[in-house]
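*Asks:* predicted model and sequence below, questions to follow.
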Amino acid sequence: MSYFLFFTLSAILAIILTPLIKRLAIKASILDIPKSERKIHKQPIPLLGGLAIYLAFLISTLTYLQFGNVDFNVVPQKFFAGLIIGGLILTIGGIIDDKYDLPPKILWLFPALASLGVVFSGIGIGIKFISNPFGNPVNLDFAVLGIPFSAIFIWLWMMGMIFTTKFLDGLDGLCSGISLIGGLTLFFLSITPKINQPITATLAIIFVGTLAGYLIFAFYPASIFLGEGGSTFLGFILGTLSVITGGKIATALLVMGIPILDVAWSITRRLWYGMSPFKADKSHLHHRLLDIGFTQPQAVLILYAISAVFGFTAVFLQSFGKLVALIILFVLMISLALSLVIIYKRKHPHVPENVLANSKE
């Protein structure tokens with residue numbers, strides 16, 4: 001019942017706040033104006049959707065801390081401070097970027113600081129090893145130049161998740177929907193008898209409720225976009241939930257596997273063509289689905305389905321099963337990417353790959 005109440009609270013807050021933030025964005029002229037070929041929408045769309053998500057999540061979390069049954073011996077208060085402050089950093093940085101379009105060399109600072117906040121708060125530092133399906137766990141309990149390797153690992157993990165959702169934000173409702181599936185998967189995993197983490201479960205269901213309320217306005221045709229702060233905040237929360245009070249990293253990898261592999265491929269391709277790895281282009285997997293004839297809703301639902309199947313399956317798998325699922329996911333990603341490229345080239349034989357890869361924002 002408490003999970004249902006916090007889901008309902010966060011969803012209602014998102015439903016109330018999103019139209020208000022939309023009006024604020026319009027009044028402040030914080031809009032995504034389709035000035036380049038990469039943009040799919042035709043009319044200016046308000047940004048700052050991430051601000052509505054952050055506020056709904058913040059209010060719900062503070063309500064939980066005030067009235068919920070929170071055991072601070074399990075998760076100390078400083079952990080929640082790291083979560084809230086890190087989200088605030090990303091939200092503020094996102095608002096500035098949405099308004100003034102900051103260069104990529106500056107934008108990475110906000111995720112870096114937010115991730116450091118998580119590390120300094122102690123979230124995940126207790127992860128001394130990660131599971132190994134082939135034998136003994138992999139030890140993380142050592143230092144590199146005097147810095148605990150677990151802290152380095154958590155920082156890199158957070159940065160990876162943040163940039164995954166950032167690059168995923170390309171179609172209406174895609175990033176927020178897959179993040180919702182990720183949050184729901186982590187919720188179900190947290191309430192299993194083996195894991196049994198009610199605090200993580202509550203934070204996850206608050207996250208899910210917030211996105212459920214927001215998606216009413218964000219699914220095709222979207223009336224508001226996440227913006228920089230929203231797209232990075234979603235990865236930040238997923239990254240934090242997957243490491244707090246014990247690792248659920250393999251599960252998060254399965255839910256976000258396709259977007260993660262797509263980001264890795266996109267960065268590799270951009271470097272190959274001499275582009276900035278942080279510069280947006282129109283060659284992501286979701287763009288390829290549009291190129292071969294799928295509509296936005298169809299492309300989004302296909303990616304929803306893949307994430308849901310692998311994510312919810314992971315709830316019931318042990319370490320070896322998750323490894324097998326990850327291998328299957330990798331093969332699926334390669335097969336899907338190659339198939340889309342082949343189909344696209346057959347339809348557009350005159351368009352060389354390097355031209356497509358360099359279609360910049």
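*Replies:* That came through fine.

*Asks:* output the below-cut-off pLDDT ranges for the stretch 1-150 of the chain.
*Replies:* 36-39, 123-141 (pLDDT under 70).

*Asks:* one more time with 50
*Replies:* Of all residues in the stretch 1-150 of the chain, none has pLDDT under 50.

*Asks:* for it, what spans make up the strands?
*Replies:* 31-32, 45-46, 129-130, 138-139, 143-144, 147-148 (DSSP state E, counting those that start in this stretch).

*Asks:* run the chain-centre distance for the last one.
*Replies:* On the basis of CA atoms, centre = their mean, to the nearest Å, the separation between the geometric centre of strand 147-148 and that of its chain is 26 Å.

*Asks:* now the fifth one
*Replies:* Between the mean C-alpha point of strand 143-144 and the mean C-alpha point of its chain there is a distance of 28 Å (CA atoms, centre = their mean).

*Asks:* name every strand pairing with that strand and say which way it goes.
*Replies:* strand 147-148 (antiparallel) (DSSP bridges).

*Asks:* output the contacting helices and strands for whichever strand or helix holds L234.
*Replies:* L234 belongs to helix 227-241 when assigned by DSSP states H and E. Contact analysis of helix 227-241 by 3 or more CB pairs under 8 Å, 6 or more residues apart in numbering; DSSP states H and E lists helix 49-67, helix 77-100, helix 109-121, helix 149-168, helix 174-190, helix 198-218, helix 249-255 as its packing neighbours. Backbone N, C-alpha and C define where each C-beta goes, glycine included.

*Asks:* these: which one's closest to F7?
*Replies:* Comparison of the helices and strands packed on helix 227-241 against F7 by CB to CB identifies helix 198-218 as nearest, at 3.9 Å.

*Asks:* mean confidence (pLDDT) on the closest one, please.
*Replies:* Taken as a whole, helix 198-218 has a mean pLDDT of 96.

*Asks:* and the angle from it to helix 174-190?
*Replies:* 160 degrees (axes from the mean of the first three to the mean of the last three CA atoms, to 10 degrees).

*Asks:* G213 is in contact with T18, isn't it?
*Replies:* Yes: taking CB atoms under 8 Å as the definition, G213 is a contact partner of T18 at 7.1 Å.

*Asks:* contacts only, for the closest residue to D71 other than its chain neighbours.
*Replies:* Nearest residue to D71, sequence neighbours excluded (CB to CB, 6 or more residues apart in numbering): I199, at 7.0 Å. Applying CB atoms under 8 Å, 6 or more residues apart in numbering to I199 gives the contacts 70-71, 74-75, 244-245.

*Asks:* most neighbours among these, which one is it?
*Replies:* I244 (29 neighbours; other CB atoms under 10 Å).

*Asks:* checking that one next. Helix, strand or coil?
*Replies:* Secondary structure, DSSP: H, G, I helix; E, B strand; the rest coil: I244 is coil.

*Asks:* got a list of what the closest residue in space to A81 that isn't next to it in sequence touches?
*Replies:* Excluding its sequence neighbours, the residue lying closest to A81 (CB to CB, 6+ apart) is S121, at 6.1 Å. Contacts for S121 (CB under 8 Å, 6+ apart) come out as 78-79, 81-83.

*Asks:* now do 6 Å
*Replies:* Contacts for S121 (CB atoms under 6 Å, 6 or more residues apart in numbering) come out as 78-79, 82.

*Asks:* got a quick PyMOL command for the buried subset of those?
*Replies:* To isolate the buried ones among the contacts of S121 in PyMOL, judged by 16 or more other CB atoms under 10 Å, type:
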select buried, resi 79+82
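
*Asks:* out of the contacts of S121, who's nearest L189?
*Replies:* F79 (18.6 Å).

*Asks:* and stretch 46-64, what's buried?
*Replies:* 46-61, 63-64.

*Asks:* next one: stretch 142-160
*Replies:* Counting neighbours by 16+ other CB under 10 Å, one finds that the buried residues in stretch 142-160 are 148, 150-151, 153-155, 157-160.

*Asks:* in TSV, list those along with distance to I206.
*Replies:* Formatted as TSV, the buried residues of stretch 142-160 follow (distance: CB to CB, whole Å):
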residue	distance to I206
P148	29
S150	26
A151	26
F153	26
I154	22
W155	24
W157	21
M158	19
M159	23
G160	23
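
*Asks:* which pair of those residues spans the longest distance?
*Replies:* P148 and G160 (18.5 Å).

*Asks:* spatially central, which residue of this protein would that be?
*Replies:* By CA atoms, centre = their mean, the mean C-alpha position of the chain lies nearest to G235, the distance being 3.0 Å.
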